[in-house]
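S.K.: Predicted coordinates and the sequence they were generated for:
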There are 2 protein chains.
Amino acid sequence: MYILCSDLEGVFVPEIWINVAKATGIDELKLTTRDISDYDVLMKKRLAIMAEHNLKLPDIQAVIKKMEPLDGAREFLKWIRENYQIIIVSDTFIEFAAPLMEKLDWPTLFCNSLEVAPDGTVNGYMLRQTDGKRKTTQALQSLNFTVVAFGDSYNDITMLEQADAAFLFRPPANVAEEYPAIAWTETYNGLKQLIQTATAR
Amino acid sequence: MYILCSDLEGVFVPEIWINVAKATGIDELKLTTRDISDYDVLMKKRLAIMAEHNLKLPDIQAVIKKMEPLDGAREFLKWIRENYQIIIVSDTFIEFAAPLMEKLDWPTLFCNSLEVAPDGTVNGYMLRQTDGKRKTTQALQSLNFTVVAFGDSYNDITMLEQADAAFLFRPPANVAEEYPAIAWTETYNGLKQLIQTATAR
């Protein structure tokens, strides 16, 4: 039996931090793992920037509530859920993702969580586990699922390499070049065809 | 981070085979694991009865499409999905469950599948794995989730015993008596309170 495993940001919704940076005008929040490769260093930097600008969780959530899923994402995800099961696996935090998950009709999301003080100050974050995307794929395989995975960038690669079939969606050029064995597409229709081919019975 | 794991039939939707038996007037289809404890023997008996009455998959699906989730199930599941992640784990078959999952807005379902001939004859079934409910709970725990599980009967017990917190929903009297350590409730509000208490942060 097949199950789909996918990334969230860049696949179904826009990059959350980049949009928060734009909306708040704080350019430093645009930093990603491409700029600071150590995720823990990056997140601590982001939290320090938030503290410096007195940004609390509700401020960030207000920005996220104004975001919309990518064009066509709702319809594509609806098609998936009518035909398969899907688990979305993301490095984001449930406190950030929830308003977007509502707009996607609450698909199942495996992600992380924030440590938030009663006044809304974000004091830290909790990673549920390291390399969660690969481990989720393995756990589903241990349940005798055949996993079809897709994501857009470096942090998805261990999931894509672990999966039984895998695709890149709108990857940066360097990612597509570095992993030529992984098929990629720029459109949901392309992804739909790749999924149908991989799961043809 | 918490995740919920639940049964499907008896918790969110009525018992499928019992309703098929009622709608078709074929009393023998009411047999359950309470009557024939070996699931494989039971399923082969059900398939033989279907063949004998020339019932094909579309006939069964037509009956299931007329079924509705249990009263209050949609609202309860909506509340869950707004506050937690949930995986529904069932011994049923995706070909039977799909019309009901649509009425529940497509929550994630881990279940089994049927072997269906082009003319709709059900030739057999594929169990994804034995003791799938317990193994799903373990797999989620391996991903560092704290699992809160609920179900209604014997086939849920290994899941409930494996989970970090567990409840019975509308259990038959003998099941509630046999497992006095597992709290039980007759209502979704009761289940909501048990879940909230188990996940109080």
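M.R.: Now that the structure is in, tell me what you want to look at.

S.K.: Can you mark which positions in the longest helix seen in chain A are buried?
M.R.: The helix spanning the most residues in chain A, taking DSSP state H as the definition, is helix A:39-52. Going by neighbour count (16 or more other C-beta atoms under 10 Å in any protein chain shown), the buried part of helix A:39-52 is A:42-43, A:45-47, A:49-50. In short, each C-beta sits where N, CA and C put it, glycine included.

S.K.: mean confidence for that helix?
M.R.: Averaging pLDDT along helix A:39-52 yields 92.

S.K.: Quick one: name whatever helix or strand follows that helix.
M.R.: Sequence-wise, the next helix or strand downstream of helix A:39-52 (DSSP states H and E) is helix A:57-65.

S.K.: Now do that following helix: distance to the chain's middle.
M.R.: How far helix A:57-65 lies from its chain's middle: 18 Å, per C-alpha atoms, centre = their mean, to the nearest Å.

S.K.: Wasn't A:P118 part of a strand?
M.R.: No: counting by DSSP: H, G, I helix; E, B strand; the rest coil, A:P118 is not part of a strand but coil.

S.K.: So what's the residue count around it?
M.R.: 5 (other C-beta atoms under 10 Å in any protein chain shown).

S.K.: What distance do you get for it to A:L140?
M.R.: From A:P118 over to A:L140 the distance is 37 Å, taken as C-beta to C-beta, to the nearest Å.

S.K.: residues in chain A within reach of chain B, list them.
M.R.: Applying C-beta under 8 Å from any C-beta of the partner chain, we find that chain A lies next to chain B at A:1, A:78, A:81-82, A:85-87, A:94, A:98, A:102, A:105-110, A:112-113, A:126, A:128-129, A:132, A:135-136, A:139-140, A:142-145.

S.K.: Now, those residues that are in strands?
M.R.: In strands, defined here by DSSP state E, the members of those are A:86-87, A:108-110, A:112-113, A:126.

S.K.: quick one: which of those is nearest to chain B?
M.R.: A:T108 (4.1 Å; C-beta to the nearest C-beta).

S.K.: partners of that closest one in the sheet?
M.R.: For A:T108, the beta-bridge partners under DSSP bridges are A:I87.

S.K.: Quick check, it in contact with A:R81.
M.R.: No: in this structure A:T108 lies outside contact range of A:R81 using C-beta atoms under 8 Å: 9.8 Å.

S.K.: Can you give me the distance of the closest residue to A:A163 other than its chain neighbours to A:F169?
M.R.: Once flanking residues are discounted, A:A163 sits nearest to A:A149: 3.6 Å by C-beta to C-beta, 6 or more residues apart in numbering or on different chains. As for A:A149, its distance to A:F169 is 11 Å (criterion: C-beta to C-beta).

S.K.: and the two? which has more neighbours close in?
M.R.: Counted by other C-beta under 10 Å, A:A149 and A:F169 do not tie: A:A149 has more neighbours, with 28 against 24.

S.K.: Return the residues in contact with the more buried one.
M.R.: A:4-6, A:137, A:156, A:159-160, A:162-163, A:165-167 (C-beta atoms under 8 Å, 6 or more residues apart in numbering or on different chains).

S.K.: of those residues, the lowest pLDDT goes to which?
M.R.: Model confidence across the contacts of A:A149 bottoms out at A:D156, which has 95.

S.K.: quick one: contacts for that residue?
M.R.: Contacts of A:D156 by C-beta under 8 Å, 6+ apart are A:7, A:133, A:149-150, A:168.

S.K.: again, only this time at 10 Å
M.R.: By C-beta atoms under 10 Å, 6 or more residues apart in numbering or on different chains, the residues touching A:D156 are A:5-7, A:10-11, A:89-91, A:133-134, A:149-150, A:163, A:166, A:168-169, A:171, A:175, A:182.

S.K.: still on that earlier bit, the contacts of A:A149 into CSV, with extra columns for secondary structure?
M.R.: Output for the contacts of A:A149, formatted as CSV (three-state DSSP):
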residue, secondary structure
A:L4, strand
A:C5, strand
A:S6, strand
A:T137, helix
A:D156, helix
A:M159, helix
A:L160, helix
A:Q162, helix
A:A163, coil
A:A165, strand
A:A166, strand
A:F167, strand
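
S.K.: Select from the residues you listed the one having the most neighbours.
M.R.: That'd be A:D156 among these, by other C-beta under 10 Å, with 29 neighbours.

S.K.: Just the buried positions in the helix or strand harbouring A:V175, please.
M.R.: When elements are assigned from DSSP H and E, A:V175 belongs to helix A:173-178. Using 16+ other C-beta under 10 Å as the test for burial, helix A:173-178 gives A:V175.

S.K.: for stretch A:122-140, same thing?
M.R.: In stretch A:122-140, counting by 16+ other C-beta under 10 Å, buried: A:122, A:125, A:127-128, A:132-140.
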